[in-house]
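**Q** From the sequence below, what's the structure:
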Amino acid sequence: MFGKPFVRTLISRSAENRTDRRRFLKAAGAAGLGVVGATYLGVQATSSASATGEAAAEAGAPSDAAVLNFALNLEYLEAEFYSFAVHGRGLPDDLTGGAGTQGGVTGGKKVMFHDKALHQFAKEIAGDEVAHVKFLRGALGEAAVSRPEIDLEDSFTAAARAAGLISEYQQFDPFANEKNFLLAAFLFEDVGVTAYKGAAPLITNKTFLDAAAGILAAEAYHAATIRTALFDRELGDAAAKISNARDALDGPGDDDQGILLGNQANMVPADHNGICFGRGADRVLNVVYLNPGAVKEGGFFPKGVNGDIVASGGA
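**A** Numbering: from 1, shown residues only. This next block holds a predicted model:
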């Protein structure tokens, strides 16, 4: 159903300077989350002719602030999904405002969990995702983007149909039962891990890299938890269909992996070196926009994401 577009991704980042680092750490110590204002997050400070030349060469390239805001959009999506699943409600209003157009959330309701362990896992993940939103908003300060419009209803049906989980006449409710919840979570978690992995080598600000690495680790734990729960419930075929759909959306490669290799468990989707792959921001947007082409909205973000990084990859 999907084509196989190819996009080369190269996102340059603003270099770290001591002023940025000192302000970030000072604010983090004072406020607990860290408050890095827009006045110095979005602009690379330069104090020498060579630094000025480097800044000119990097003109037009997304800054570290743009990367963190891109991540914040994804964290909004995950936090809303898990918060509704566990608590029956989304993020509070004080965690949704900011720069750009603020949007609402369509869909979402509490999942009736019967498995006590799965309920505890979901509750912990929900707490982590909300904490990620708080941390990134605190780190970005006034530069933080607002929550964009999010669709937790029609988007899942479209994704499930495209993956072949349901027919073109059926609906998919990710909150209807534990099985649907796990399949929906699987769609998100693996994308989140690859998004942070794809950005990590390109972030030159060590303070921001440290924060991104910490979130990446948390997302990897989440993904492994969801993959294990799917394996225990013998949902390997369904997970494979979702993996194949993600592969069809994000380019011609075949990096995405399900939870089975042959008949064996595949909890860690790694290569022969035991290393997991990453996605560039544009390929991540291909997946969450549910579109293999070059677009700026769709799928889980009907009106697109907020910030400077908004376009998916094209053929």
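**Q** Okay, helices next: where are they in the stretch 101-250 of the chain?
**A** 116-140, 154-163, 178-199, 206-232, 236-249 (DSSP state H, counting those that start in this stretch).
**Q** The longest one versus helix 116-140: what angle between them?
**A** Taking axes from the mean of the first three to the mean of the last three C-alpha atoms, to 10 degrees, helix 206-232 and helix 116-140 form an angle of 160 degrees between their directions.
**Q** what do you get for the last one?
**A** Inter-element angle recorded for helix 236-249 and helix 116-140: 20 degrees (by the same axes, to 10 degrees).
**Q** count of residues packed around Ala281?
**A** Ala281 has 25 neighbouring residues, counting by other C-beta atoms under 10 Å. Quick note: C-beta positions are derived from backbone N, CA and C, even for glycine.
**Q** before we move on, what about Ala240?
**A** Going by other C-beta under 10 Å, the residues that sit close to Ala240 add up to 18.
**Q** what secondary structure does the residue nearest to it when sequence neighbours are not counted sit in?
**A** Distance criterion C-beta to C-beta, 6 or more residues apart in numbering; nearest residue to Ala240, sequence neighbours excluded, is Gly258 at 3.8 Å. Three-state call for Gly258 (DSSP: H, G, I helix; E, B strand; the rest coil): coil.
**Q** tell me the phi and psi of Gly258?
**A** Main-chain torsions, Gly258, degrees, to the nearest 10: phi -80, psi -160.
**Q** Model confidence at it, what's the number?
**A** Confidence at Gly258, expressed as pLDDT, is 93.
**Q** same question, Ser167
**A** Reported pLDDT for Ser167: 97.
**Q** so what's it up against?
**A** Arg161 (C-beta atoms under 8 Å, 6 or more residues apart in numbering).
**Q** The one 5 residues further on now?
**A** Contacts for Phe172 (C-beta under 8 Å, 6+ apart) come out as Phe156, Thr157, Ala159, Ala160, Arg161, Leu165, Ile166, Asn180.
**Q** Return the members of these classed as buried.
**A** Phe156, Thr157, Ala159, Ala160, Arg161, Leu165, Asn180 (16 or more other C-beta atoms under 10 Å).
**Q** By mean pLDDT, flag the weakest helix or strand of this structure.
**A** helix 38-41 (a mean of 34; mean pLDDT, DSSP states H and E).
**Q** so what's Asp308 closest to, chain neighbours aside?
**A** The spatially closest residue to Asp308, leaving aside those adjacent along the chain, is Ala66, at 4.0 Å (C-beta to C-beta, 6+ apart).
**Q** That neighbour: which element?
**A** Taking DSSP states H and E as the criterion, Ala66 maps to helix 64-87.
**Q** Tell me which other helices or strands that helix touches.
**A** If you count contacts as 3 or more C-beta pairs under 8 Å, 6 or more residues apart in numbering; DSSP states H and E, helix 64-87 packs onto helix 38-41, helix 116-140, strand 150-151, helix 178-199, helix 206-232, helix 281-288.
**Q** tally of neighbours for the closest residue in space to Leu140 that isn't next to it in sequence?
**A** Once flanking residues are discounted, Leu140 sits nearest to Leu68: 5.7 Å by C-beta to C-beta, 6+ apart. Leu68 is flanked by 27 other residues according to other C-beta under 10 Å.
**Q** separation between Leu68 and Pro292?
**A** Separation of Leu68 from Pro292 (C-beta to C-beta, to the nearest Å) stands at 26 Å.
**Q** So what's the residue count around Gly107?
**A** Close neighbours of Gly107, defined as other C-beta under 10 Å, add up to 18.
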